[in-house]
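>>> prediction below, plus the sequence it came from.
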Amino acid sequence: MIALSLAEIAEVVGGQTHDIPDPSVQVTGPVVRDSREAGPGSLFVAFAGERVDGHDFAAAVVEGGAVAVLGTRPVGVPAIVVEDVQTALGALARHVVRRLGATLVALTGSAGKTSTKDLIAQVLQRKAPTVFTPGSLNNEIGLPLTALSATEETRFLVLEMGARGIGHISYLAGLTPPKVGLVLNVGSAHIGEFGGREQIAQAKGELVEALPSEAEGGTAILNADDPYVRAMASRTKAKVIFFGESGEADVRAENVRLTDTGQPSFRLHTPSGASDVTMRLYGEHHVSNALAAAAVAHELGMSADEIAVALSEAGSLSRWRMEVTERPDGVTVVNDAYNANPESMRAALRALAAMGKGRRTWAVLGKMAELGDEALAEHDAVGRLAVRLNVSKLVAVGGREAAWLQLGAYNEGSWGEESVHVSDAQAAVDLLRSELRPGDVVLVKASRSVGLESVAQALVETGAEGEVSAR
């Protein structure tokens with residue numbers, strides 16, 4: 001964080017200082033909510049949760065070098081006391097962002113946010129110091145903590161914004177007002193909470209409404225291939241740049257193909273030129289993510305050649321997102337178990353089909369959460385797609401939703417041993433351990449709550465060290 005005195009922080013957040021001998025002492029280290037991350041010069045933010053109360057760790061973090069605690073009550077060590085810690089954290093982030101000389105890029109969408117954010121960060125880092133959201137910390141707490149990690153040297157601040165309802169993105173954009181806003185897509189993720197795609201589009205479009213006008217330097221980057229996103233052009237006063245595979249897009253891809261290993265290759269076209277890209281990531285869905293990143297980079301002054309090189313060399317920065325591990329026995333494990341929705345499920349299955357040409361393929365799938373009334377139809381459709389893509393075997397893991405996956409496969413023409421329903425992760429591991437052969441490709445994917453990353457981990461460790469159990 002940029003250096004701020006405790007007195008200034010207290011004024012910004014509307015807090016009272018307690019047990020602070022010298023209010024001019026500065027916070028020079030990170031702002032953290034995990035006591036294990038606190039260190040010399042840091043500010044520890046104490047949240048009181050249902051199971052753990054951060055205030056209980058106050059003495060230990062100060063003893064370890066933290067300058068002070070931001071909390072809701074005095075704790076016997078230097079502290080700034082406020083009524084609501086989350087509100088105070090947001091106010092501090094807003095203050096720091098205003099002081100920064102960085103260009104703030106914000107992105108949202110139903111699918112692909114984290115992968116695209118990681119691509120943008122890796123491209124922009126080649127131009128200037130860049131700070132970006134770690135993993136998927138894109139909510140009312142994670143976003144301000146990311147913003148507060150920026151320093152005087154930061155030139156680009158890339159922030160992922162998530163939403164579970166109308167008004168969420170407006171709130172986040174108010175904390176960290178973006179100059180460049182990117183909307184990827186409007187899909188089915190959280191449709192059960194929102195109530196429909198129109199409501200999702202309304203929520204995601206709050207980002208472009210928050211942008212400054214074109215005269216003030218604001219730019220909205222929109223997916224030309226998604227009609228809900230394309231329509232958001234009418235909701236902003238910012239300059240509009242379209243990306244996509246459509247010929248009308250300002251930043252587009254031509255001659256898209258997948259390599260023999262399932263990695264996308266294409267000709268990138270931008271208003272400043274064209275260049276060839278072959279990505280290290282897996283799956284055709286990354287073409288759209290790459291085009292979004294390219295549009296941001298083009299708008300921030302990078303050439304087509306610079307962007308193409310950066311995209312071709314970019315890797316996956318966030319865990320459990322199409323992580324590919326080649327076991328010594330020739331089995332390929334694809335761990336995409338961080339989360340799942342209908343769009344990302346379809347993309348992962350198509351990637352599996354491309355990677356597994358001439359090989360046996362396994363789709364180990366579980367529940368897609370928060371689909372509401374669409375749950376049965378969407379799980380059925382994914383099961384059917386696995387059959388249409390000639391996936392060798394579908395392993396549906398879990399309860400009712402897994403049964404729907406298998407039912408979809410059965411109704412599409414998958415009988416006998418081509419699809420199977422197992423109760424839990426350990427049952428899936430036991431099945432795979434007994435039936436996998438060298439050369440097989442295994443995709444593991446479900447919503448985060450299912451915890452299927454344990455299956456992928458067990459399969460990787462089995463290949464390296466012998467039989468293990470899912471944990």
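Now that the structure is in, tell me what you want to look at.

>>> and residue 463, what pLDDT?
Confidence per residue is given as pLDDT, and for residue 463 that number is 62.

>>> scratch that, residue 85 is what I was asking about
97.

>>> quick check: buried residues in stretch 423-430?
Within stretch 423-430, the residues that qualify as buried by neighbour count (16 or more other Cβ atoms under 10 Å) are 424-430. No exception for glycine: its C-beta is placed from N, CA and C like everyone else's.

>>> same question but for stretch 51-70, I mixed them up
Applying a neighbour-count criterion of 16+ other Cβ under 10 Å, one finds 54-55, 57-58, 61-62, 66-70 buried in stretch 51-70.

>>> cool, and stretch 204-216?
Taking 16+ other Cβ under 10 Å as the neighbour-count basis, stretch 204-216 is seen to contain the buried residues 204-212.

>>> state the mean pLDDT of that stretch.
When pLDDT is averaged over stretch 204-216, the result is 98.

>>> do me a favour and get the end-to-end distance for that stretch?
Across its full length, stretch 204-216 reaches 22 Å end to end, with Cα to Cα, to the nearest Å as the criterion.

>>> residues in contact with it?
Outside stretch 204-216, the residues that touch it by Cβ atoms under 8 Å, 6 or more residues apart in numbering are 106-110, 161, 163, 166-170, 173-174, 177-183, 186, 218-220, 222, 228-229, 232-233, 235-239.

>>> how about 6 Å then?
Taking contacts as Cβ atoms under 6 Å, 6 or more residues apart in numbering, the residues outside stretch 204-216 that touch it are 108, 169-170, 173, 181, 183, 186, 218, 220, 232, 235-239.

>>> in ChimeraX, how would I select just the buried ones from those residues?
Buried members of the contacts of stretch 204-216, defined by 16+ other Cβ under 10 Å, are picked up in ChimeraX with:
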select :108,169,173,181,183,186,218,220,232,235,236,238,239
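
>>> and of the contacts of stretch 204-216, the nearest to residue 91?
Compare each of these with residue 91 using Cβ to Cβ and the shortest gap goes to residue 173, at 14.9 Å.

>>> next up, the contacts around the closest one.
residue 210.

>>> and it, what pLDDT?
What the model reports for residue 173 is a pLDDT of 98.

>>> which is the next helix or strand following the one helix or strand it maps to?
Take DSSP states H and E as the rule and residue 173 turns out to sit in helix 168-175. Next in sequence after helix 168-175, counting helices and strands by DSSP H and E, comes strand 180-183.

>>> ranges for the helices of the stretch 201-350 of the chain?
Assignment of helices within the stretch 201-350 of the chain using DSSP state H, counting those that start in this stretch yields the ranges 206-209, 227-230, 286-299, 304-313, 342-355.

>>> pick out the lowest-pLDDT one from the contacts of stretch 204-216.
Note: of the contacts of stretch 204-216, the lowest pLDDT belongs to residue 186, at 94.

>>> and the pLDDT at residue 466?
In this model, residue 466 is scored at 46, pLDDT.

>>> again with residue 344
The predicted structure scores residue 344 at 89 on the pLDDT scale.

>>> burial check on it, number of neighbours?
Here the count is done by other Cβ atoms under 10 Å, and residue 344 has 26 residues near it.

>>> report the contact partners of it.
By Cβ under 6 Å, 6+ apart, the contact set of residue 344 is residue 111.

>>> quick check: beta-bridge partners of the nearest residue to residue 304 once chain neighbours are set aside?
Across the structure, with Cβ to Cβ, 6 or more residues apart in numbering as the measure, the residue nearest residue 304 apart from its sequence neighbours is residue 273 (3.8 Å). When assigned by DSSP bridges, residue 273 has beta-bridge partners residue 270.
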